[in-house]
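1. Coordinates only, no sequence provided:
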């Protein structure tokens, strides 16, 4: 059911004794509905298993009927002379600490006649976005919040896997990439932190803590703890981000021209926690991240045919959540989509 042969939206239902606990490996990036069977469904039927089976049957029946009805409505709409043209969709990645930016960008895109689709950068969100890009849903991508890279490189709990940031380049979809929330690695409860992030005892009050070597650690709530990425870690994160973009370009079909990739860097802060008003402002780490991105782009560009890569970097003195940066992002993605549509019309 995770296979692309079963598209997003097609009803998928699983009744299983394995529904308690971590089911992320079952779900992958798909929209499977999972229900615990409570009792084991092997052996004889009884009052408990019959109850859960009836509920499961009612659920999948309702989902199937809704799917069938929606297909009939779509068919009716497609045959109507007054059919409403679908708005081009633009994927955009977000996190709690970049929500302000995503809301502003989304409003600007809606005013221009586009339909933004937000994906929460929690690992599964990034994988879902990459899958739907590959399935051709989007006219463009705004990968504003690339924080899942931090978790992949430094063993956080919200990794989207090794292929994050490859799909748009691979499929020739124009994209804007930024560095939202690359200032943090996500973990579970404070007590679950790896030993090298063990917080020092005493001295810290409230949600902010520090490791023995001074690394800031923020206890967002009882289940979420954030560790600030250092300047050295940001160098590796920048290399990984750019390398994955070029990995996607390497997978681009030989007869296709690469779509533009615009890396936009907000120097004043990369999340609500970073910057002058944040709890862990670190200009040195941001500078290390920017320097790493620039150097890695230059290294890859020098090895490739200029026609096969179209990657550029622009630096702005804005905070990622500022209205100024939101306008830059929205204006640039609208321009990229417009240019792509003009090229397609030529053929």
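-> Perfect, I can see it now. Values in this document were obtained by computation on a predicted structure and should not be read as measured data.
2. quick one: residue 151 is in a helix?
-> Yes: counting by DSSP: H, G, I helix; E, B strand; the rest coil, residue 151 falls inside a helix.
3. ok, it to residue 75 distance?
-> Residue 151 sits 42 Å away from residue 75, going by CB to CB, to the nearest Å. Quick note: C-beta positions are derived from backbone N, CA and C, even for glycine.
4. now swap in residue 19 and tell me
-> Using CB to CB, residue 19 is found at 35 Å from residue 75.
5. before we move on, what about residue 199?
-> 59 Å.
6. Next: residue 108.
-> Residue 108 is 34 Å from residue 75, by CB to CB.
7. what about those two, which has more around it?
-> Neighbour count, other CB atoms under 10 Å: between residue 108 and residue 75, residue 108 has more, with 19 against 10.
8. How about the more buried one: what's its closest non-neighbour residue?
-> Of all residues not flanking residue 108 in the chain, residue 330 sits nearest, at 3.7 Å (CB to CB, 6 or more residues apart in numbering).
9. how near is the residue nearest to residue 28 when sequence neighbours are not counted to residue 21?
-> The shortest distance from residue 28 to any residue other than its chain neighbours is 4.1 Å, reached at residue 2 (CB to CB, 6+ apart). Residue 2 sits 18 Å away from residue 21 when distances are taken as CB to CB.
10. same thing with residue 59?
-> Taken as CB to CB, the span from residue 59 to residue 21 is 21 Å.
11. Of the two, give the one with the bigger neighbour count.
-> Between residue 59 and residue 21, counted using other CB under 10 Å, residue 59 has the larger neighbour count: 15 against 7.
12. Please determine how far the more buried one is located from residue 263.
-> For residue 59, the distance to residue 263 - CB to CB - is 44 Å.
13. if you average pLDDT over the one helix or strand residue 233 maps to, what comes out?
-> Element membership of residue 233, judged by DSSP states H and E, is helix 231-250. Helix 231-250 shows a mean pLDDT of 97.
14. list the helices and strands it packs on?
-> Contacts defined by 3 or more CB pairs under 8 Å, 6 or more residues apart in numbering; DSSP states H and E place helix 231-250 against helix 148-153, helix 167-171, helix 283-303, strand 311-316.
15. What residues sit buried inside it?
-> 231, 233-249 (16 or more other CB atoms under 10 Å).
16. How confident is the prediction for the residue nearest to residue 139 when sequence neighbours are not counted, by pLDDT?
-> Sequence neighbours aside, residue 88 is the residue nearest to residue 139 in space, at 3.9 Å (criterion: CB to CB, 6+ apart). pLDDT recorded at residue 88 is 93.
17. any idea how far residue 88 is from residue 219?
-> Distance of residue 88 to residue 219, computed by CB to CB: 41 Å.
18. Next: residue 258.
-> Distance from residue 258 to residue 219, by CB to CB: 43 Å.
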